[in-house]
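Asks: for reference, the sequence and a predicted model appear below.
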Amino acid sequence: MAERSQLRLGAFLYPTGHHIAAWRHPDAQADAGSNFAHYVELAQLAERGKFDLIFMADGVGTRGTDIEALSRTATRYVAQFEPITLLSALAAVTRNIGFVATASTSYNEPYHIARKFASLDHISGGRAGWNLVTSSSEHEAHNFGRDEHYAHGERYERAEEFADVVTGLWDTWEEGAFPRDKQSGLYFDPDKQHVLNHKGKFFKVRGPLNVDRSPQGHPVLVQAGSSEPGKELAARTAEVVFTAHQTFEDARAFYADLKGRLRKYGRHADDLKVMPGIFPVVGRTIAEAEEKFEQIQELIHPAVGLALLSGMTGGVDLSAYSLDGPVPPLPETNASKSRQRLLLDLAHRENLTIRQLYLRIAGARGHRQIVGTPAQIADEMQHWFTGGAADGFNIMPPHLPVGLRDFVDLVLPELRRRGLFRNEYEGTTLRQNLGLRTPQHPASAPLAAE
């Protein structure tokens with residue numbers, strides 16, 4: 001088990017970087033979304049830095065219908081690889097780093113997800129994780145025979161059952177279920193196969209899963225919702241939670257709330273790692289960091305900034321309002337309720353105009369943004385980690401590959417100097433490196449209790 005004295009790190013990779021104008025930066029790989037060599041470089045760079053995992057967000061549809069804005073951005077799922085396919089290929093060119101991919105419970109079937117992530121776990125030698133999302137975009141619904149997205153409450157209810165079916169399928173086989181004994185002719189032991197026979201409100205799945213038991217027992221379960229249903233789902237099922245907070249106080253309150261919910265599900269605080277996203281702009285001096293940030297901020301096209309803000313605050317058309325006027329009252333969204341609330345609170349707390357708000361979120365989209373020296377960035381990370389606001393962080397480089405290289409070469413040495421981050425991997429699986437327990441097969445639980 002990894003020690004709590006050292007933080008966990010994910011490399012959150014958008015193709016060209018997290019800033020909305022990243023692809024326009026002179027040092028960015030503009031065709032990154034369809035450039036496999038680019039991803040190989042990033043994966044090996046993150047592994048050199050001893051990151052716990054690479055995280056790939058995903059959406060099953062282009063986000064937005066404003067063709068003017070879409071044509072000027074590379075961060076709205078316009079042209080990029082499907083993540084499980086990509087991570088399976090990256091597993092062949094890495095040895096230790098974990099791979100977490102997003103897959104929606106709204107627009108997939110549990111059997112598909114169970115099979116794909118179990119396969120990725122075998123291909124990678126036990127380094128796979130599933131980021132469970134319910135989808136937040138109306139545009140995804142239109143690609144799957146629906147006129148509108150599932151209602152917020154319904155899609156979380158569906159996700160609860162979906163997660164149970166997936167983990168049930170992952171428990172199809174006990175350890176040692178496949179002797180593959182040529183002498184006796186026994187390929188698998190029938191007594192170690194467990195057929196699910198699930199019949200629920202949303203799904204009817206017999207099983208068995210046609211993939212051997214995962215090297216990790218189960219791939220790691222990751223979740224990112226911060227709404228009330230999202231937190232409850234995470235407390236029951238998640239082992240890692242990616243989240244977004246602007247202030248230390250909000251992050252600490254979320255951390256305490258989420259960890260406090262675990263006990264009623266028979267879980268311990270160490271069974272779940274909370275990893276907020278941070279967007280670091282690193283300079284050897286504060287002046288250099290600020291210059292880097294201003295350089296990329298100047299590349300934002302107003303149509304792109306406005307479309308980003310509209311999408312993240314619930315899909316409301318803001319074009320009728322003055323960019324230099326206040327953010328208007330908005331109806332509650334059916335998309336990401338927690339992110340809408342975070343952004344509206346930020347606008348009201350700091351009295352931001354529409355333009356000022358989209359400039360504030362153009363890089364981190366509501367996550368914590370830190371512009372500074374390696375020591376200043378490490379100070380902030382250490383404060384959140386030691387102060388009970390985070391178990392680690394999901395690092396969101398501004399543009400790639402340079403933003404990730406800056407973090408690996410400049411910030412990680414500072415974290416290591418303080419004893420806050422590993423020098424070498426603790427194990428060979430994602431669970432071992434994150435300090436997570438291996439799930440026990442239900443059939444072996446009575447023996448363990450004796």
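Replies: Okay, I see it.
Asks: CA atoms for contacts and neighbours, from now on please.
Replies: Will do.
Asks: give me the below-cutoff pLDDT ranges for the stretch 251-400 of the chain.
Replies: 335 (pLDDT under 70).
Asks: which stretches of the stretch 201-350 of the chain form strands?
Replies: Here the stretch 201-350 of the chain has its strands, by DSSP state E, counting those that start in this stretch, at 204-205, 220-223, 240-243, 273-282.
Asks: possible to save those as JSON lines with distance to Asn433?
Replies: Shown next, in JSON lines, are the strands of the stretch 201-350 of the chain (distance: least, Cα to Cα, whole Å):
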{"stretch": "strand 204-205", "distance to Asn433": "33"}
{"stretch": "strand 220-223", "distance to Asn433": "11"}
{"stretch": "strand 240-243", "distance to Asn433": "13"}
{"stretch": "strand 273-282", "distance to Asn433": "12"}
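Asks: which of these is buried the deepest?
Replies: For the strands of the stretch 201-350 of the chain, the largest average neighbour count (mean count of other Cα atoms under 10 Å) is found in strand 273-282, namely a mean of 26.
Asks: give me the helices and strands touching it, please.
Replies: If you count contacts as 3 or more Cα pairs under 8 Å, 6 or more residues apart in numbering; DSSP states H and E, strand 273-282 packs onto strand 240-243, helix 286-297, strand 368-372, helix 374-386, strand 392-395, helix 402-406.
Asks: can you rerun that using 7 Å?
Replies: Strand 273-282 sits against strand 240-243, helix 286-297, strand 368-372, strand 392-395, with contacts defined as 3 or more Cα pairs under 7 Å, 6 or more residues apart in numbering; DSSP states H and E.
Asks: just name the most buried of these.
Replies: Among the helices and strands packed on strand 273-282, highest average neighbours (mean count of other Cα under 10 Å) belong to strand 392-395, with a mean of 26.
Asks: out of the strands of the stretch 201-350 of the chain, flag the one nearest His149.
Replies: strand 220-223 (19.5 Å; Cα to Cα).
Asks: that older thread, so which of the strands of the stretch 201-350 of the chain is nearest His18?
Replies: Of those, nearest to His18 by Cα to Cα is strand 273-282, at 7.9 Å.
Asks: what pairs with that closest one, parallel or antiparallel?
Replies: Partner strands for strand 273-282, per DSSP bridges, with pairing direction: strand 240-243 (parallel), strand 368-372 (parallel), strand 392-395 (parallel).
Asks: longest helix in this structure, by residue count?
Replies: helix 152-170 (DSSP state H).
Asks: list the helices and strands the following helix or strand past that helix packs on?
Replies: Moving toward the C-terminus from helix 152-170, the next helix or strand (DSSP states H and E) is strand 198-199. Here strand 198-199 touches strand 204-205, going by 3+ Cα pairs under 7 Å, 6+ apart.
Asks: show me what the strand it packs on is in contact with.
Replies: Asn197, His198, Lys199 (Cα atoms under 7 Å, 6 or more residues apart in numbering).
Asks: hey, what's Gly392 bridged with?
Replies: Bridge pairing for Gly392 - DSSP bridges - gives Arg8.
Asks: looks like it contacts Arg8 (just checking).
Replies: Yes: look at Gly392 against Arg8 with Cα atoms under 7 Å: they come within range, at 4.2 Å.
Asks: buried sites along stretch 257-264?
Replies: Leu258, Lys259, Arg261, Leu262 (16 or more other Cα atoms under 10 Å).
Asks: okay, now the residue lying closest to Glu68 once chain neighbours are set aside: neighbour count?
Replies: The shortest distance from Glu68 to any residue other than its chain neighbours is 7.1 Å, reached at Ala303 (Cα to Cα, 6 or more residues apart in numbering). By other Cα atoms under 10 Å, the residues close to Ala303 number 16.
Asks: can you get me a residue count around the closest residue to Asp181 other than its chain neighbours?
Replies: Distances taken as Cα to Cα, 6+ apart place Tyr187 nearest to Asp181, at 6.0 Å, with adjacent residues excluded. Using other Cα under 10 Å, Tyr187 has 12 other residues around it.
Asks: likewise Arg158?
Replies: 18.
Asks: could you check how far it is from Thr105?
Replies: When distance is defined by Cα to Cα, to the nearest Å, Arg158 is 7 Å away from Thr105.
Asks: do Glu161 as well
Replies: 9 Å.
Asks: which one's more surrounded, these two?
Replies: Taking neighbours as other Cα under 10 Å, Glu161 and Thr105 compare with Thr105 leading, 21 against 17.
Asks: if I pick the more buried one, what's in contact with it?
Replies: Going by Cα under 7 Å, 6+ apart, the list of residues near Thr105 reads Leu132, Val133, Thr134, Ala159, Phe162.
Asks: for those residues, which one is nearest Met275?
Replies: Met275 lies nearest to Leu132 out of these, by Cα to Cα, at 15.0 Å.
Asks: that closest one contacts Ser104, correct?
Replies: Yes: here Leu132 reaches Ser104: they are 6.2 Å apart, a contact under Cα under 7 Å.
Asks: between those two, which one's more packed in?
Replies: Leu132 (27 against 21).
Asks: sec struct for that one, please.
Replies: Put simply, Leu132 is strand when judged by DSSP: H, G, I helix; E, B strand; the rest coil.
Asks: can you pull the contacts of the nearest residue to it once chain neighbours are set aside?
Replies: Leaving out its chain neighbours, the residue that sits closest to Leu132 by Cα to Cα, 6+ apart is Gln223, at 5.2 Å. Contact analysis of Gln223 by Cα under 7 Å, 6+ apart lists Asn131, Leu132, Val133, Ala234, Ala238, Val240, Val241, Phe242.
Asks: swap in Asp52?
Replies: Asp52 makes contact with Arg8, Leu9, Gly10, Ile97, Gly98, Leu430, Asn433, Leu434, according to Cα under 7 Å, 6+ apart.
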